[in-house]
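Asker: sequence plus predicted model, see below.
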Amino acid sequence: MEMDYLVISLLVVVAWSPITLTQSCPYPCRCDQRRKIVYCNERNLRQVPYGIPVDTKVLLLQGNSLEHSPSLESTLASLSRLERLDMHDNKLTSFPSNLPSNLVYLSLRMNRIKFVGKKAFKNLRNLKELYLDSNNITNVGIATNAFVSADSLEDLSISANNLTSLPEGLPRSLKSARFNHNKINAVSATSLEPLHELLVLDLSYNHITGDLKGLSQMRSVRTIDLSHNKLENIPINLPANVTDLLLSSNNIQYIYSASNEDHGDLQELNRLAKLDLSSNHLRSVQIGAFNTLPSSLSMELHNNPWSCDCNLVYLKRWLTYTGSILTSSEGSIQCATPSVFSGVTLNAMDAEALRCRKSSYDIDLKIVNPTSVVINYDASSANEPPYVTFSAMYGAMLCEDCTFEGNGKSDDYKARMWMEDYTIISLPSGQDTKLSNLKPDTKYAICVVTSYQHPDQIGIEQCENVRTTLYATTTTTTEQPHVQPEMPARWVWIVGGIGGGVLVAMIVLLAIWLRRRRRRSLQSYLPPRKTNTLANNLPYSAGRGIPIVDATPEFDVTLMVRKDLSHHSDSCYSDSHDESLSTTHTGTITSKNSHLSRHNNESENHSPQVSGYLPHENTCSSKLNTDSGLFV
């Protein structure tokens, strides 16, 4: 009886012995049979140990020296119930094939993988998590449509590789995609277009400069990490549903209130809960840039070179009147400029102390005409943020002797006080701008106005004064003519013209008066005329207009002597060529010269008059005419 019991016991042991051997843990691994976990990690293995239980669900092979081999693939393929496989930190050069179809987790980090073939995910339709970090994968090393079969993949991480762009054909099922620490410099719209269910996109530590096409199509994304890139502005078309926007360690200098083709804004991000802009190059925030952000927003704005001037008043007031929290351990925003406020926290600054102290508003006066002035302004000299626009305010000055040059009291004097009225027009930087409808010979003030300034608050340090010319000129100056040389006043020209006209008229009248006086003087020397009917038929002398007397043979001789010349014997009143005697007695006419002139026709009713003497301007010495016996 005892012998039978012993035999039966031995048979039972022998019958169960194969089952016990198959469920044993292979050397040098450690097994947790209750949880179906096999620990073969960090055993310096070169091959996968033989005898791993077929019902193993978790196999840990990390930290070994495993390489790709047929035995590796066959051993792994036999583990049909395997769900999680960790093979990171080995020496694999390619993606393993024929992996068990029940895998939901696969880690191949820190290997030497360079290639992912198109059949890599053929059987992995249940795979949800894939980690390919720290390999040597490039865009060329990922086959086209390699992920087409991985239609259950939710978490994909290919960080710390050599990708220069996002892989095409990523599965639509992705919820988290991490491509940090690559060399990505652009993100195409086609690579992001299928990712409608993506929640987390990590593109940190890349070379992205701003080309992020397709971001707006990601309707479900909540977290976007673009830190440690080369962004110079907020990206364009950020998804409206994002809650965490991480932009630290970029080259962002300004935050704009509206987007354009060059930069984005934060206006649509009304669900944002965390905004990290630390360690950028931020100097200022445009007015209205944070208006639509939630008041309970958590912000990181430290480690930026903030410019504590009038452009930062908006940020200070926004932080004061909202419940936003600056969560950085460094505490707060610190001023970098001006130097007098360096290191001072924005929280400690009074809003009134945030002033813009301008050092350069030089206006180049290029052309000055009677009714227009052409100016040019270089906005870079003012060192203003790019969203600040400029206008030209100009108007006639109230006083002729006013000037803006050399006035050391610019803080106390406003330009508006010096103008009758003003006009404001846009002033593009670096372009010629024409100020029209001006008055000739009038002094004008021309001021530069920034978009954040009210015209009534413009100081005279932002202005130039110029006088328009009286006459048109096209002279272009290469240097700034601060003040146009003043022309004589119009009344000077008017008075001068009138005076010149009067002077000319006086000269003409004087000449006429002298001529008439001379004529009267000559006529006073002529003897009284007597009418002579004979003179009407006498011929005229050709040169003198004196009629030639045709005397009858008998004439009475009459001596024509001026009584008033009895005492002026030095004057000769005869013609320079004729000395004649006239007679009324019957006789002949005697003369030294035979050239006589005919008188003008006289009336026939008058007695004939004979005249042989005409006054002469020259004087001559008196003499005795021996022929006639007369003293002339």
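Answerer: Yes, it's here.

Asker: make it CA atoms for all contacts and neighbour counts henceforth
Answerer: Fine.

Asker: where exactly do the strands run in the stretch 151-300 of the chain?
Answerer: Along the stretch 151-300 of the chain, counting by DSSP state E, counting those that start in this stretch, strands occupy 155-157, 176-178, 200-202, 223-225, 244-246, 254-255, 274-276, 284-285, 298-300.

Asker: what lines up beside the first one in the sheet?
Answerer: This points to strand 155-157. strand 129-131 (parallel), strand 176-178 (parallel) (DSSP bridges).

Asker: residue ranges in this structure under the pLDDT threshold?
Answerer: Along the chain, segments meeting pLDDT under 70 span 1-23, 328-331, 357-360, 405-412, 473-492, 522-632.

Asker: centroid residue for it?
Answerer: The centroid of the chain falls nearest to S429 when counting by C-alpha atoms, centre = their mean (3.3 Å).

Asker: quick one: it is in a helix?
Answerer: No: with DSSP: H, G, I helix; E, B strand; the rest coil as the criterion, S429 is coil rather than part of a helix.

Asker: I'd say it and D378 touch.
Answerer: Yes: the criterion here is C-alpha atoms under 8 Å, and S429 meets it with D378 at 5.1 Å.

Asker: which elements pack onto the longest helix along the chain?
Answerer: Secondary structure of the chain read by DSSP state H shows that its longest helix is helix 490-523. Other helices and strands packing on helix 490-523, by 3 or more C-alpha pairs under 8 Å, 6 or more residues apart in numbering; DSSP states H and E, are absent; none qualifies.

Asker: hang on, the earlier thing: now distance to C399 and mean neighbour count too, for the strands of the stretch 151-300 of the chain, in TSV please.
Answerer: TSV is the format used below for the strands of the stretch 151-300 of the chain (distance: least, C-alpha to C-alpha, whole Å; neighbours: other C-alpha atoms under 10 Å):
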stretch	distance to C399	mean neighbour count
strand 155-157	74	19
strand 176-178	70	20
strand 200-202	65	20
strand 223-225	61	21
strand 244-246	57	20
strand 254-255	42	23
strand 274-276	55	21
strand 284-285	40	24
strand 298-300	53	20
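
Asker: residue contacts, the residue nearest to the centre of the chain?
Answerer: By C-alpha atoms under 8 Å, 6 or more residues apart in numbering, S429 lies in contact with 376-379, 390.

Asker: domain assignment for this protein?
Answerer: As given by automatic domain parsing, the domain ranges for the chain are 27-162, 231-357, 363-467, 488-524, 530-632.

Asker: the nearest residue to N102 once chain neighbours are set aside and T337, how far apart?
Answerer: If the residues on either side of it in the chain are set aside, N102 comes closest to E83, at 5.4 Å by C-alpha to C-alpha, 6 or more residues apart in numbering. For E83, the distance to T337 equals 58 Å [C-alpha to C-alpha, to the nearest Å].

Asker: swap in D276?
Answerer: Using C-alpha to C-alpha, D276 is found at 22 Å from T337.

Asker: pretty sure the residue nearest to N102 sits against Y105.
Answerer: Yes: between E83 and Y105 there is a contact under C-alpha under 8 Å: 6.5 Å.

Asker: got a list of what the residue nearest to N102 touches?
Answerer: Residues in contact with E83, defined by C-alpha under 8 Å, 6+ apart, are 57-58, 102-105.

Asker: filter those down to just the ones in strands.
Answerer: Using DSSP state E, 58, 105 are the members of these that sit in strands.

Asker: for the domains of the chain, give me a markdown table that also has distance to S188.
Answerer: Output for those, formatted as a markdown table (distance: least, C-alpha to C-alpha, whole Å):
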| stretch | distance to S188 |
| --- | --- |
| domain 27-162 | 13 |
| domain 231-357 | 13 |
| domain 363-467 | 28 |
| domain 488-524 | 69 |
| domain 530-632 | 114 |
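
Asker: isn't L238 right up against L215?
Answerer: Yes: using C-alpha under 8 Å, L238 makes contact with L215 at a distance of 5.9 Å.

Asker: settle it for me: which of the two has more neighbours?
Answerer: Taking neighbours as other C-alpha atoms under 10 Å, L238 and L215 compare with L238 leading, 25 against 22.

Asker: list the contacts for that one?
Answerer: Taking C-alpha under 8 Å, 6+ apart, we find L238 in contact with 215-216, 264, 269.

Asker: before we move on, what about K119?
Answerer: Shown in contact with K119 (C-alpha under 8 Å, 6+ apart): 97, 146.

Asker: now render the strands of the stretch 151-300 of the chain as JSON lines, adding distance to A396.
Answerer: Shown next, in JSON lines, are the strands of the stretch 151-300 of the chain (distance: least, C-alpha to C-alpha, whole Å):
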{"stretch": "strand 155-157", "distance to A396": "68"}
{"stretch": "strand 176-178", "distance to A396": "64"}
{"stretch": "strand 200-202", "distance to A396": "60"}
{"stretch": "strand 223-225", "distance to A396": "55"}
{"stretch": "strand 244-246", "distance to A396": "52"}
{"stretch": "strand 254-255", "distance to A396": "37"}
{"stretch": "strand 274-276", "distance to A396": "50"}
{"stretch": "strand 284-285", "distance to A396": "36"}
{"stretch": "strand 298-300", "distance to A396": "49"}
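
Asker: tell me where the stretch 251-400 of the chain has helices.
Answerer: Ranges of helices within the stretch 251-400 of the chain are 313-321, based on DSSP state H, counting those that start in this stretch.

Asker: closest one to A177 among the domains of the chain?
Answerer: A177 lies closest to domain 27-162 among the domains of the chain, at 5.0 Å (C-alpha to C-alpha).

Asker: S249 and N311, how far apart?
Answerer: For S249, the distance to N311 (C-alpha to C-alpha) stands at 23 Å.

Asker: no, scratch that, I was asking about E268
Answerer: 23 Å.

Asker: please say which of those two ends up with more neighbours.
Answerer: Using other C-alpha under 10 Å, the more surrounded residue of E268 and N311 is N311, with 21 against 15.

Asker: distance of the more buried one relative to L346?
Answerer: N311 is 12 Å from L346, where distance means C-alpha to C-alpha.

Asker: that older thread, N185 is nearest to which of the domains of the chain?
Answerer: Closest of these to N185 is domain 231-357, at 10.3 Å (criterion: C-alpha to C-alpha).

Asker: how distant is the closest one from the center of its chain?
Answerer: Distance, stretch centre to chain centre, for domain 231-357: 24 Å (C-alpha atoms, centre = their mean, to the nearest Å).

Asker: and what of stretch 385-399?
Answerer: Offset of stretch 385-399 from its chain centre (C-alpha atoms, centre = their mean): 14 Å.

Asker: quick check: buried residues in that stretch?
Answerer: For stretch 385-399, the neighbour count (16 or more other C-alpha atoms under 10 Å) marks 385, 389-397 as buried.

Asker: export the residues you listed to TSV and append columns for distance to S332.
Answerer: Converted to TSV, these look like this (distance: C-alpha to C-alpha, whole Å):
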residue	distance to S332
P385	22
T389	29
F390	32
S391	35
A392	38
M393	39
Y394	42
G395	45
A396	48
M397	47
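
Asker: in strands only, show me those residues.
Answerer: Among those, the ones falling in strands (DSSP E) are 390-396.

Asker: between these, which sits nearest I325?
Answerer: The closest of these, once distances to I325 are taken by C-alpha to C-alpha, is F390, at 34.1 Å.

Asker: ok, for the closest one, nearest residue in space, not its chain neighbours?
Answerer: Spatial nearest neighbour of F390, excluding adjacent residues (C-alpha to C-alpha, 6+ apart): T450 at 4.7 Å.

Asker: so the one you found sits right up against P386, yeah?
Answerer: No: between T450 and P386 there is no contact under C-alpha under 8 Å: 11.3 Å.

Asker: burial count for the residue nearest to L269 when sequence neighbours are not counted?
Answerer: The spatial neighbour of L269 that comes closest, neighbours along the chain excluded (C-alpha to C-alpha, 6+ apart), is A240 at 5.1 Å. Residues contacting A240 under the criterion other C-alpha under 10 Å number 19.

Asker: the residue lying closest to A289 once chain neighbours are set aside and V116, how far apart?
Answerer: Nearest non-adjacent residue to A289, counting by C-alpha to C-alpha, 6+ apart: S257, 3.8 Å away. S257 sits at a distance of 44 Å from V116 (criterion: C-alpha to C-alpha).

Asker: thank you kindly, that will do.
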